[in-house]
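*Asks:* coords below, sequence missing:
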């Protein structure tokens, strides 16, 4: 069996396509999901029409500019310029401070800033506006702390676990889940199917090697590689996207190993019913990738699905694993909090392994 | 007599309805080189897969090395060497890595059993760091044979080992098989090449899943029932066409440079030759009586069997 594992590693490292699938695709995926699909606001260009040009308006503008969300780079003289500016498309939002902003704020207790957003992209418009509001409110708060008089009361939403509503925090667990499942299941199913296709399985079957030894010989190398993959994605998430790593790391790793084992057993199950690499690949793609993306709650919230799909989503191991890693990474959950989900994953793993050993053919047909 | 393999009434049909093997029986002496000869599609590969425990027969009994093929398959797998028709080693591993791997699978190692394969492996050892996929056809066969022998099997199954191998390598390969046989190994080989039949101790001619004849090559040649003539001509094809149309011709085949002809009944070749010369003066040919070769015997067997069924 040691020979089997060594041989498997050699084959993986020699086949540049496996290497690309194993390490290239995960990294590209994480970066793609993290950057390209990001719903966060980053360096949005805004313009300012500052009629007041006083202490408070200048401070607010500076605050906006200093945040990582906005770049204030256009100063307007009149409202007539706004339309033309939006048409150019570079500026997402225009802020107009009314005359004597500071004075009104001090004397009357309130002053107005008008926010004009380019709503041709409603999502971005919505976000720029709320971020701007938040920054202004924050400034207002700062003013009040210096003041003994409570002047204002306002409701303040607080987003737990992901206070800045960073979508990367949503994507990273989802991407980890999908990549681990896909890479582990696809690679093992393809590699077993390849043995069948090239006829080497014939020789292995005629040898005294046991089915479980063949299966373990396939599982162990991919388990190691998938785990390295997982660590790689974590490091990437931490280094590039500043994902918090406050949770219980050993627990996270143990859960990841369990999930990898589950994916591998799924891959072996797929390979027992497919005789060619093509079939194995297609099966992993359609039977695993699509349901995982659609039903795991990664892209579409499960609560909004029709009842029947909600039931289906309970079968998806990916759904439970996403819950587990989110709990651990963001909520700093301990093993007790994720025990139920872990139990489901364990049960499914045993089920798949038992099924694949049962379905593994000791003969050709 | 000590038989290493006894097949009784073996049948196998595929789900598609194709009958690959029909009521096949034969016995193979221990320590002999036994050949299954037959055209493509005769059922050779199916038979080999059944005998190597890869497929289950529909009916029939097989006793292999004193063990029951179906119930004792685990024991049988330890003492079999099998070389499938398709090149079935890891193409992306080197020659040496393949050997080490298969030695490991059989729980032995290359160093301990080097003497078993030394003769064969020596020839490819200079290329031991080359990937198996990049070897020539002949070298691939030698490597595959080495891998099949590394665990000192008691019985070796070779499914069409010489298909797609050049003439020189084929000859070498058979020399190696003879050497292994002389060392006491029972070897069962299949081939579509009839000329290779003469190199086996015993031959079974197999066609459409049935055995037509089992005998030593010498006996098969002796049993050829007719006189055989070789006809040499500058232009074989028109001659063949003419002879095939003749009533009195039993069979005529093109064999390389000449035509092999046998006549029906007790017709004398002289009168037949004169008759053809008279009616087809444009054809010139020389006639010579020859000993039947093993190929003639198989052609005759297949031909007469084909007529009967």
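*Replies:* Okay, I see it. Remember, it's a predicted structure, so these values are computed and weren't measured experimentally. Residues are numbered from 1 along each chain as shown, chains lettered A, B, ... in the order given.
*Asks:* where in the chain is pLDDT low?
*Replies:* You didn't pick a chain, so chain A it is. A:34, A:36-41, A:122-123, A:146-170, A:365 (pLDDT under 70).
*Asks:* That was the other one, I meant chain B.
*Replies:* B:1, B:306-309.
*Asks:* mind checking how far the closest residue to chain A within it is from residue B:130?
*Replies:* Proximity to chain A, evaluated over chain B using Cβ to the nearest Cβ, is greatest for residue B:104 at 2.9 Å. Where C-beta positions appear, they are placed from N, C-alpha and C, glycine not excepted. Plainly put, residue B:104 is 20 Å away from residue B:130 if you go by Cβ to Cβ, to the nearest Å.
*Asks:* Of the two, which one has the most company?
*Replies:* Between residue B:104 and residue B:130, residue B:104 has the larger neighbour count (other Cβ atoms under 10 Å in any protein chain shown), namely 20 against 15.
*Asks:* which ones are touching that one?
*Replies:* A:2-4 (Cβ atoms under 8 Å, 6 or more residues apart in numbering or on different chains).
*Asks:* Format those as JSON lines; extra columns: neighbour count.
*Replies:* Shown next, in JSON lines, are the contacts of residue B:104 (neighbours: other Cβ atoms under 10 Å in any protein chain shown):
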{"residue": "A:2", "neighbour count": "9"}
{"residue": "A:3", "neighbour count": "19"}
{"residue": "A:4", "neighbour count": "20"}
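*Asks:* Restrict those residues to those that also contact chain B, please.
*Replies:* Subset of these in contact with chain B: A:2-4, counting by Cβ under 8 Å from any Cβ of the partner chain.
*Asks:* which one of those sits closest to chain B?
*Replies:* Out of the ones next to chain B among the contacts of residue B:104, the member with the shortest distance to chain B (by Cβ to the nearest Cβ) is residue A:3, at 2.9 Å.
*Asks:* Could you grab the helix/strand/coil label for the closest residue to residue B:47 other than its chain neighbours?
*Replies:* Spatially, and ignoring its direct neighbours in sequence, residue B:47 is nearest to residue B:21 (6.0 Å; Cβ to Cβ, 6 or more residues apart in numbering or on different chains). What DSSP: H, G, I helix; E, B strand; the rest coil gives for residue B:21 is strand.
*Asks:* returning to that earlier point: following element in sequence after the host helix or strand of the residue of chain B closest to chain A, please.
*Replies:* Using DSSP states H and E, residue B:104 sits in helix B:95-105. For helix B:95-105, the following helix or strand on the C-terminal side (DSSP H and E) is helix B:114-124.
*Asks:* The stretch 151-300 of chain B: strands as residue ranges?
*Replies:* Per DSSP state E, counting those that start in this stretch, the stretch 151-300 of chain B carries strands over the ranges B:155-159, B:186-191, B:202-207, B:210-215, B:228-233, B:249-255, B:258-263, B:285-290.
*Asks:* Could you export those as CSV, including distance to residue B:125 and mean neighbour count?
*Replies:* What follows is these, written out as CSV (distance: least, Cβ to Cβ, whole Å; neighbours: other Cβ atoms under 10 Å in any protein chain shown):
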stretch, distance to residue B:125, mean neighbour count
strand B:155-159, 21, 23
strand B:186-191, 23, 25
strand B:202-207, 33, 24
strand B:210-215, 38, 18
strand B:228-233, 45, 18
strand B:249-255, 40, 17
strand B:258-263, 43, 21
strand B:285-290, 44, 14
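*Asks:* Just give me the residue closest to the centre of chain A.
*Replies:* Nearest residue to the geometric centre of chain A (Cα atoms, centre = their mean): residue A:171, 1.3 Å.
*Asks:* and it, what element?
*Replies:* Using DSSP H and E, residue A:171 falls in helix A:168-198.
*Asks:* ok and the helix holding residue B:104 relative to helix B:114-124, angle-wise?
*Replies:* Computed with axes from the mean of the first three to the mean of the last three Cα atoms, to 10 degrees, the direction of helix B:95-105 lies at 160 degrees from that of helix B:114-124.
*Asks:* picking up where we left off before, I'd like to know how many residues surround the residue lying closest to the residue nearest to the centre of chain A once chain neighbours are set aside.
*Replies:* Leaving out its chain neighbours, the residue that sits closest to residue A:171 by Cβ to Cβ, 6+ apart is residue A:33, at 4.5 Å. Neighbour count for residue A:33, taken as other Cβ under 10 Å: 21.
*Asks:* Isn't residue A:33 up against residue A:175?
*Replies:* Yes. At 4.9 Å, residue A:33 counts as touching residue A:175 under the criterion of Cβ atoms under 8 Å.
*Asks:* can you count the residues close to the closest residue to residue A:219 other than its chain neighbours?
*Replies:* Once flanking residues are discounted, residue A:219 sits nearest to residue A:264: 4.9 Å by Cβ to Cβ, 6+ apart. Using other Cβ under 10 Å, residue A:264 has 29 neighbouring residues.
*Asks:* follow-up on the earlier one: mind checking the SS state of the residue nearest to residue A:171?
*Replies:* helix.
*Asks:* Can you tell me which residues in the stretch 151-300 of chain A are near chain B?
*Replies:* A:198-200, A:202-209.
*Asks:* just checking, which of these belong to strands?
*Replies:* Per DSSP state E, strands hold no members of these.
*Asks:* For the closest residue to chain B within the stretch 101-250 of chain A, list the residues it contacts.
*Replies:* Of all residues in the stretch 101-250 of chain A, residue A:199 sits closest to chain B, at 3.5 Å by Cβ to the nearest Cβ. Contact analysis of residue A:199 by Cβ under 8 Å, 6+ apart lists B:84, B:86-88.
*Asks:* so residue A:103 is in which element?
*Replies:* helix A:101-108.
*Asks:* List of residues touching the following helix or strand past that helix?
*Replies:* Per DSSP H and E, helix A:101-108 leads on to strand A:113-117 as the next helix or strand towards the C-terminus. Residues from elsewhere that reach strand A:113-117, judged by Cβ under 8 Å, 6+ apart: A:60, A:82, A:92-98, A:101, A:125-126, A:128-129, A:132-133, A:136.
*Asks:* Contact distance from chain A - what residues of the stretch 51-200 of chain B qualify?
*Replies:* So the stretch 51-200 of chain B meets chain A at B:52-56, B:73-74, B:77-78, B:80, B:82, B:84, B:86-93, B:97, B:100-107, B:147, B:151 (Cβ under 8 Å from any Cβ).
*Asks:* My guess is residue A:356 contacts residue A:264. True?
*Replies:* No. With contact defined as Cβ under 8 Å, residue A:356 does not reach residue A:264; the gap is 9.6 Å.
*Asks:* For the stretch 251-365 of chain A, give the residue positioned nearest to chain B.
*Replies:* For the stretch 251-365 of chain A, Cβ to the nearest Cβ, closest residue to chain B: residue A:364, 4.4 Å.
*Asks:* Number of residues surrounding residue A:198?
*Replies:* Count around residue A:198 with other Cβ under 10 Å applied: 18.
*Asks:* which non-adjacent residue is nearest it?
*Replies:* That would be residue B:88: by Cβ to Cβ, 6+ apart, it lies 6.6 Å from residue A:198.
*Asks:* okay, now the domains of chain B?
*Replies:* What automatic domain parsing lists as the domains of chain B is B:3-216, B:225-291.
*Asks:* Which residues belonging to stretch B:53-64 are considered buried?
*Replies:* B:53-55, B:57, B:60, B:62-64 (16 or more other Cβ atoms under 10 Å in any protein chain shown).
*Asks:* Pull the contacting residues for the residue nearest the centre of chain B.
*Replies:* The centre of chain B sits closest to residue B:191, judged by Cα atoms, centre = their mean, with a distance of 2.6 Å. Applying Cβ under 8 Å, 6+ apart to residue B:191 gives the contacts B:35-37, B:160-163, B:197.
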